[in-house]
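K.L.:
Predicted model follows, preceded by the sequence.
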Amino acid sequence: MSEKKSTRTGTIGADTSFLIDFFKGNEDAISFMRKNAKLLRVSELVIYEFLCGNLKKSEQEIFFDAMQSFTSVNFNREAAVLASEFFRNAKKKGKTIGHQDCMISGSYLASGIRIIVTKNTEHFKHLNEISVVSY
Amino acid sequence: MGTTSITITNEAYNFLKSIKGEKSFSETILTLSRSNEDIVKFAGIFKDADTKSIENVRKEINKDWNNRR
């Protein structure tokens, strides 16, 4: 297991599903955002997923403007190591975690973020190193 | 855009450095200066957008990875 950075107390990694719900106007997601915006970080892998969708150019510009509010988190070497460990450890136990879920989790954990906010708590349930919160 | 030099404590510098990622120090400070309400103004702004296509991206990526040989 690679060496981990110390946890940044309270910081939360945003999953794509949470941001989608927020932008769609889900009241619970908006409430969570209102309370926790300062603590939220956004992985560049989440940004990638947004940009792979069918947003119009004008919507993409709004999205980029909104993302200025957050510190971004990169997928670096440490994230790659952690993500691969998540995948292999789950596989050894006969569990399946999607590669993208592993990579997003790895990017957050490499930045000392151990909490992810998501609608899809099932996606991350086999990751012991990550706590998952919904809204 | 003009610039101004400031002096900050090592503690403040290390904090900014730890959160800045790829951003510049100026961008990082501006990010911190935004209030929660600055992001909340974007709530619901994509209610008519094709967000389903974004939801499907994760499935497509995971499926694509699994199909690679």
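P.N.:
Happy to help now that I have it.
K.L.:
Other residues contacting the helix or strand bottoming out on mean pLDDT in chain A?
P.N.:
Each helix and strand of chain A was given a mean pLDDT (mean pLDDT, DSSP states H and E); the minimum falls on strand A:71-73 at a mean of 88. Here strand A:71-73 makes contact (CB atoms under 8 Å, 6 or more residues apart in numbering or on different chains) with A:13, A:41-44, A:47, A:107-108, A:110-111, A:113, B:19-23, B:28, B:31. C-beta here means a position set from N, CA and C on the backbone, and glycine is covered the same way.
K.L.:
hang on, isn't residue A:108 packed against residue A:40?
P.N.:
No - contact criterion CB atoms under 8 Å: residue A:108 and residue A:40 do not qualify, at 10.9 Å.
K.L.:
Those two: who's more crowded?
P.N.:
residue A:108 (28 against 22; other CB atoms under 10 Å in any protein chain shown).
K.L.:
Name the nearest residue to the more buried one, sequence neighbours excluded.
P.N.:
Using CB to CB, 6 or more residues apart in numbering or on different chains and skipping residues adjacent in sequence, the residue nearest residue A:108 is residue A:13, 3.6 Å away.
K.L.:
Look up how far chain B lies from the one you found.
P.N.:
In this view, residue A:13 and chain B are 13 Å apart by CB to the nearest CB, to the nearest Å.
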